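In: Sharing a model prediction with you, sequence too.
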Amino acid sequence: MSVNVLHHGMCFDGAASAALFTAFLRRQAGAEGFRYIPKDHCPGDPYVNADFDADEVVGLDFRYSQDARMTWFFDHHRSAFQLAGDREHFEADRSGRKFHDASARSCAGYIARVVRAEFAVDLRDHAELIRWAELIDSAAFPDPEMPVRLDEPALRLMTFVESNSDPRLVERFIRDLLEAPMAKHARAGYIEAALRPRLEQHARDIALIKERLAIAEGILSFALLDEPGRSYNKFIPYYHHPEVRYVVGLIRAPGDRLKLTAGYNPWLPKPEREHNLAALLEPFGGGGHPFVAGCTFDDEEAALRAQRTIIGQLQGAPTEARGQR
Ligand SMILES: [Mn+2]
C-alpha cells in the first residue's frame with residue numbers, strides 16, 4: 001500500500017499531524033509506504049496531480065480537496081474550504097474518513113481524539129508530541145520567556161521545522177517525531193546544524209528589537225525597514241515588555257515585502273481587548289483575526305504612515321465594545 005501524506009509544510013503541527021496519522025494508519029490498516037509531501041498556501045488550488053498518485057491520500061492541517069483520490073482528511077483551519085463547492089463536497093461525504101473542527105487547538109490533538117472515538121485507536125504513547133502540538137499551535141505558552149528562550153526540546157524542533165526547506169529532511173524529521181523522545185531528537189546532528197545559525201540570528205534580533213522599540217500608552221512599536229528581509233520571532237516584544245497591551249511592528253519580510261503586524265498581548269485577559277485589529281487593518285488591504293492582524297506594503301513611506309495611523313487609533317476610542325469578540 002502506498003500512502004501520500006499531504007501536510008501543512010514548515011509547521012510543527014503539520015509535521016506532528018503527519019507523524020500521528022502514520023502511527024494511526026499503521027495500527028488500523030497495517031499500512032507502510034508513507035510518502036510525506038509538505039504543502040504551502042497559494043491562491044487557487046494548492047494541489048497538483050502527483051499529490052494524489054497513491055493508494056491512500058490524506059490531507060492534514062491543510063486545505064480540503066474535492067479530488068476523489070483524497071481518501072482521508074483532518075483539519076482545523078477556518079480557511080480549509082476556499083474553492084467553490086469545497087464545503088458542500090465535504091459535507092456530502094459519507095466515507096467517515098474526513099474530519100474538520102475549527103475549534104480544535106491543533107490538528108495533531110484533533111487526530112488523536114478522532115481516531116480514538118471513531119476507530120478505537122489509542123495514540124497515547126505519543127502524548128508528549130500531542131501535548132506540545134496543542135501548546136505550540138494555539139500559542140498557549142505560560143509566559144513570553146518560553147517561546148523566546150527556546151530552551152525546551154519541542155521548541156527547538158519547532159524552530160527547525162519552521163525554517164527547514166530541505167525536502168530530504170522532512171521525512172527524517174517526521175519519522176524521528178514518531179520514534180525518538182524529543183530531548184534526544186532535538187540533539188540530533190541535522191537539527192543542531194540547522195539551528196545554530198538560526199539561534200544566533202535570533203539572539204541578535206532579541207538585542208536589536210530591544211534597542212529599537214518605543215512605548216507610548218501601553219503600545220509597543222518598532223520599525224526594522226533597514227534590516228535585510230527575514231522573519232522574526234513574534235514574541236520578542238512581549239519578552240522585553242510583558243506589560244504592554246498592543247504591539248505594532250513593521251519589518252522587511254523574506255522576499256523584501258514590508259510587513260506590518262498588529263497584535264494584542266496574548267498574556268492579557270481576552271475580554272480586556274478594546275480593538276478589533278483585523279478591522280483596523282482592513283483599510284490598508286490587511287486582514288487576520290481580532291487579536292492579531294497584518295498587511296503588506298511596497299512603499300516605505302506608506303508603511304510608516306499606516307503604522308502611525310494604527311498606533312493613533314489604538315490610543316484613541318475603541319472600534320468595538322469592550323469584551324466583544
Ligand atoms: Mn495546525
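Out: Sure thing, it's come through.
In: got a list of what residue 147 touches?
Out: 139, 141, 155, 233, 235 (CB atoms under 8 Å, 6 or more residues apart in numbering). Heads up, the C-betas are built off the backbone N, CA and C, glycines and all.
In: Tell me which of the residues you listed fall in helices.
Out: Using DSSP state H, residue 155 are the members of the contacts of residue 147 that sit in helices.
In: Tabulate the contacts of residue 147 (TSV), appending distance to the ion, pLDDT and neighbour count.
Out: Compiled in TSV, the contacts of residue 147 are given as follows (distance: CB to the ion, whole Å; pLDDT from 0 to 100; neighbours: other CB atoms under 10 Å):
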residue	distance to the ion	pLDDT	neighbour count
139	11	87	13
141	16	96	18
155	16	97	21
233	18	93	18
235	18	95	21
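In: Let me have the contacts of residue 147 in CSV, extended by distance to residue 23.
Out: Supplementary listing: the contacts of residue 147 in CSV, determined by distance: CB to CB, whole Å:
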residue, distance to residue 23
139, 25
141, 26
155, 22
233, 30
235, 30
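In: does residue 261 sit in a helix or strand, and which one?
Out: Residue 261 belongs to strand 258-264 when elements are defined using DSSP states H and E.
In: Show me the shaky parts of the stretch 51-200 of the chain.
Out: Low-confidence segments of the stretch 51-200 of the chain, defined by pLDDT under 70, are absent.
In: Spell out which parts of the stretch 101-250 of the chain neighbour the ion.
Out: For the stretch 101-250 of the chain, the residues found near the ion under the criterion CB under 5 Å from the ion are 107, 137.
In: shouldn't residue 307 be in contact with residue 222?
Out: No: proximity of residue 307 to residue 222 does not meet the contact threshold set by CB atoms under 8 Å, at 9.4 Å.
In: which residues are in contact with both of those two?
Out: With contacts defined as CB under 8 Å, 6+ apart, the residues adjacent to both residue 307 and residue 222 are residue 250.
In: Where do the helices of the stretch 151-300 of the chain begin and end?
Out: 153-163, 167-179, 182-185, 189-212, 236-240, 277-281, 300-315 (DSSP state H, counting those that start in this stretch).
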